[in-house]
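Q: Quick one, what's the 3D model for this:
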Amino acid sequence: MPRYRSIGTTGSRDGLTEEQRDWIEDFSTYKKNQINVLHHGDCIGSDDEVATIFSVRGTYIIAHPGNGMIAMRANCIVNDLVLPARYYLKRNQDIVKASKLLLGFPRTEREITRSGTWSTIRYARTLQVPIYAVTPSGKVMTWNLE
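A: A predicted model of the protein is given here:
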């Protein structure tokens, strides 16, 4: 069984649906011994929620804030390290590059082009980073898993 060590997350500012929350609760409990670090974008919604779930399991939390709208910043209280703010696209790429696995929580059931979450998932696919993407209905899509 692989030890992921460092994982990243991307998702909607709308937050997790009940189905997405159930999935991440199960995943984080089952994989807690394989994950040491979580990288997230420190936005309101799913970033904040996923970071909080993993922090309870003893995961070190690293925030990669965007340098855009301050109102969208979560300033998540469980962050262990907050990196300097970067342009959103670059910030999302930094999260993918720092991760051995990406967890995506989009707000749509299908991939769309005008979405930071789906853009981050596409970038991870390009770099062949393993991905779990959980849609609002709880459907799990995977890429690059062995």
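Q: All the strands of the chain, residue numbers only.
A: 5-11, 35-40, 60-63, 81-82, 101-105, 131-134, 140-143 (DSSP state E).
Q: and residue 121, which of those strands is closest to it?
A: Nearest to residue 121, of all those, is strand 101-105, at 4.7 Å by C-beta to C-beta. Where you see a C-beta, it was placed from the backbone N, CA and C, and this is true even at glycine.
Q: Against which helices or strands is that closest one packed?
A: strand 5-11, helix 18-30, helix 46-56, helix 116-126, strand 131-134 (3 or more C-beta pairs under 8 Å, 6 or more residues apart in numbering; DSSP states H and E).
Q: can you redo those as CSV with mean pLDDT?
A: Conversion of the helices and strands packed on strand 101-105 to CSV gives the following (pLDDT from 0 to 100):
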stretch, mean pLDDT
strand 5-11, 97
helix 18-30, 96
helix 46-56, 97
helix 116-126, 98
strand 131-134, 98
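Q: Could I get these in JSON lines, plus columns for mean neighbour count and distance to residue 144?
A: Conversion of the helices and strands packed on strand 101-105 to JSON lines gives the following (neighbours: other C-beta atoms under 10 Å; distance: least, C-beta to C-beta, whole Å):
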{"stretch": "strand 5-11", "mean neighbour count": "24", "distance to residue 144": "13"}
{"stretch": "helix 18-30", "mean neighbour count": "16", "distance to residue 144": "17"}
{"stretch": "helix 46-56", "mean neighbour count": "23", "distance to residue 144": "20"}
{"stretch": "helix 116-126", "mean neighbour count": "20", "distance to residue 144": "7"}
{"stretch": "strand 131-134", "mean neighbour count": "23", "distance to residue 144": "6"}
